[in-house]
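S.K.: here is a sequence together with a model predicted from it:
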Amino acid sequence: MKRRDFLASSLAASASAGLARGEAAGGRNRMAAREFYELRYYQLQRGPKVNLAHDYLREAAIPALNRIGIKPVGVFNVMVGPDSPSVFVLIPHPSAESVLTAWERVRSDREYLERGADFLNAPASNPAFVRVESQFMVAFPFYPRITPPPGGPRVFELRTYESATEKANLTKIKMFGSGEVDIFRRSGFHPVFFGEKLIGPRWPNLTYMLAADTIEARNKHWAAFGADPEWKKLSSMPEYSDEQIVSNITNCLLGPAPYSQI
């Protein structure tokens, strides 16, 4: 079996399973609008390679993705997290097919190849990056699309909740839809996206992103979230206790690149 055919069948199977679960919860029409997300993590080298990576993303990759209808693309520098310097790139897709074909279409774009030449053609003896990791997700049925925050200075928080079992992961997703997302908003956060991982490390898990004006505002929002009566009520329900549904939490604080579309 060819590699692309294998990837296509694997992603299609994962997507079908995720959508089937969502259809059972919310109906087929709501599933049609759900986005898929590729979250790329670039581990970079200190020095000029950092600027090279940002030049590539700003001048070549994002314009090429936009030309095939993929937008908005978010680019975020890690402020607090491992392996600095590093960059997260959030790429929304309208379908699983787009996930499979987008980069093939981008690589056939002459302008992309020309503008990204220095990054793309860097020699193995002096590579443009250390490593790139990708994970693929499908949006939650009740939060089907990215919602960029209003313009202005922003701090983004990227959080991943791991679960011991797939059932526990799906229960945590249900908890988000049972009021947790609304509590985020009421506490002052701007929710950006919520995704169930289909392919990637530490499965099963989910990843979501919140935005705040500043780190100080972010801290105040979390304090308000923890004190919210509805959160206390929701989190006290036995089926939603952390020991039942969440086995590990990781989070990074991110700053948007000046050219980020999110």
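M.R.: Arrived safely.
S.K.: burial of the closest residue in space to residue 115 that isn't next to it in sequence, as a residue count?
M.R.: Computed as CB to CB, 6 or more residues apart in numbering, the closest residue to residue 115 that is not its neighbour in sequence is residue 60, at 4.0 Å. C-beta here means a position set from N, CA and C on the backbone, and glycine is covered the same way. Applying other CB atoms under 10 Å, we find 22 residues neighbouring residue 60.
S.K.: residue 60 should be in a helix, yeah?
M.R.: Yes. Using DSSP: H, G, I helix; E, B strand; the rest coil, the secondary structure at residue 60 is a helix.
S.K.: how far off centre is the one helix or strand residue 100 maps to?
M.R.: Residue 100 is part of helix 96-107, with elements assigned from DSSP states H and E. Chain-centre distance of helix 96-107: 17 Å, with CA atoms, centre = their mean, to the nearest Å.
S.K.: packing partners for it?
M.R.: Judged by 3 or more CB pairs under 8 Å, 6 or more residues apart in numbering; DSSP states H and E, helix 96-107 is in contact with helix 3-26, strand 36-43, helix 62-67, strand 86-93.
S.K.: mean pLDDT lowest for which of those?
M.R.: Mean pLDDT across the helices and strands packed on helix 96-107 is lowest at helix 3-26; the value there is a mean of 50.
S.K.: tell me which element the residue nearest to residue 120 when sequence neighbours are not counted is part of?
M.R.: In space, residue 120 comes closest to residue 113 once its chain neighbours are excluded; the distance is 6.9 Å by CB to CB, 6+ apart. Using DSSP H and E, residue 113 falls within helix 110-115.
S.K.: check which residues of that helix are buried.
M.R.: Across helix 110-115, burial judged by 16 or more other CB atoms under 10 Å covers 112, 115.
S.K.: nice, that's everything, thank you.
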